[in-house]
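Visitor: here is the input, now give the coordinates:
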Amino acid sequence: MIRIRSLTKQYGSNAVLRGIDLDVAPGEFLVVLGPSGAGKSTLLRCINGLATPTSGELVAAGFDATDTRNGNIRKLRQQVAMIFQHHNVVPRLSVLKNVLTGRLGQTATLSSVLQLFSRQDVALAMDCLRRVELEHKAEQRTDALSGGQRQRVGIARALAQRPQVILADEPVASLDPKTSRLVLQYLRAACRELGITVVCNLHQVDYAREFGDRIVGLAGGKLVFDGRGDELRESHLNLIYSGLDQVKAQDETDAARPPSAPSAPSEMILEGALS
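Guide: Coordinates of the predicted model:
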């Protein structure tokens, strides 16, 4: 479904991706781990054509993502949906209309401008809302929803595209643990039930192990781990998150250190200084 060979991306002299080789199978839920600045978001942007690779090969959903012609990029994005960290919903629109924007790539220009959608598109949007358990909010304005509910609208909108691939860029970064698991469960269910390939950037190692069929680790723009969650060891995490071992050692040292005596209240210190 996704084939990447020797992929590089530079912004001026800054090399963000450095020779990435990666294959993602149809229907696979792939989690990408890595610290901020590792190249995770840039990798997703290259896959859906938001960023043009500097060199290398990248084929997603049957389309060459390095071919920057407008017609090719448009077709690529019809098959490769995005879910963003900050929802990117239109607050003043209803939940249903936000989901229907996922159909704009397959809608005639005039109909898109007038927000005219077919009965089939509306039925599809409602089915997508049912998948994320928000059909009862269909007519409600999206700005009345919680952050987790808005992210579920984002998932429904991505599903409404009927894509072959969904890219999720840290979709639970701003959510509490309970809501985060719920959002990731909906994504994994879409992957399992609809056969959609999911590539999901995460920071949370426990979520990566719980939800990913496979995990890849990025550090400094390079692929430093590729395997199942049960194969991910401390040594791999130290490669992905450079300096993690020193941080843990310092935490253990701090925990073992006896508590210091409480400092004297400022009133006592002042009184002693004046006596």
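
Visitor: tell me which element the nearest residue to Asp21 once chain neighbours are set aside falls in.
Guide: Spatial nearest neighbour of Asp21, excluding adjacent residues (C-beta to C-beta, 6 or more residues apart in numbering): Arg5 at 5.7 Å. For glycine as for every other residue, the C-beta is placed from the backbone atoms N, C-alpha and C. Using DSSP states H and E, Arg5 maps to strand 2-11.

Visitor: can you tell me what sits against that strand?
Guide: The contact list for strand 2-11, computed with C-beta atoms under 8 Å, 6 or more residues apart in numbering, reads 15-24, 39, 42-43, 46-47, 51, 53-61, 165, 197, 199, 221.

Visitor: could you pick out the buried ones from those residues?
Guide: Of the members of those, the ones counted as buried by neighbours, 16 or more other C-beta atoms under 10 Å, are 15-18, 20, 22, 24, 39, 42-43, 46-47, 51, 53, 56, 58-61, 165, 197, 199, 221.

Visitor: can you verify Ser58 is assigned to a strand?
Guide: One thing to correct before we go on: residue 58 is Leu, not Ser. Yes: under DSSP: H, G, I helix; E, B strand; the rest coil, Leu58 falls within a strand.

Visitor: surely it touches Asp64?
Guide: Yes: the criterion here is C-beta atoms under 8 Å, and Leu58 meets it with Asp64 at 7.3 Å.

Visitor: next one, pLDDT for Gly39 please.
Guide: With respect to pLDDT, Gly39 scores 94.

Visitor: now do the residue nearest to it when sequence neighbours are not counted against Thr42, distance only.
Guide: Nearest residue to Gly39 in three dimensions, chain neighbours excluded: Gly221, at 4.4 Å (C-beta to C-beta, 6+ apart). Gly221 is 8 Å from Thr42, where distance means C-beta to C-beta, to the nearest Å.

Visitor: which regions of the stretch 1-150 of the chain sit below the pLDDT cut-off?
Guide: 106-116 (pLDDT under 70).

Visitor: okay, strands next: where are they in it?
Guide: 2-11, 14-24, 29-33, 55-60, 63-64, 80-83 (DSSP state E, counting those that start in this stretch).

Visitor: got JSON lines for the ones you listed, with distance to Arg131 too?
Guide: Listed next are those as JSON lines, based on distance: least, C-beta to C-beta, whole Å:
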{"stretch": "strand 2-11", "distance to Arg131": "23"}
{"stretch": "strand 14-24", "distance to Arg131": "22"}
{"stretch": "strand 29-33", "distance to Arg131": "16"}
{"stretch": "strand 55-60", "distance to Arg131": "23"}
{"stretch": "strand 63-64", "distance to Arg131": "26"}
{"stretch": "strand 80-83", "distance to Arg131": "14"}
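
Visitor: which other helices and strands contact the top helix by length along the chain?
Guide: Across the chain, the longest stretch assigned as helix under DSSP state H is helix 177-194. Packed against helix 177-194, as judged by 3 or more C-beta pairs under 8 Å, 6 or more residues apart in numbering; DSSP states H and E, are the following elements: strand 29-33, helix 119-131, helix 147-160, strand 165-169, strand 197-202, helix 205-211.

Visitor: now tabulate these in CSV and tack on distance to Leu93.
Guide: Compiled in CSV, the helices and strands packed on helix 177-194 are given as follows (distance: least, C-beta to C-beta, whole Å):
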stretch, distance to Leu93
strand 29-33, 29
helix 119-131, 12
helix 147-160, 10
strand 165-169, 21
strand 197-202, 25
helix 205-211, 30
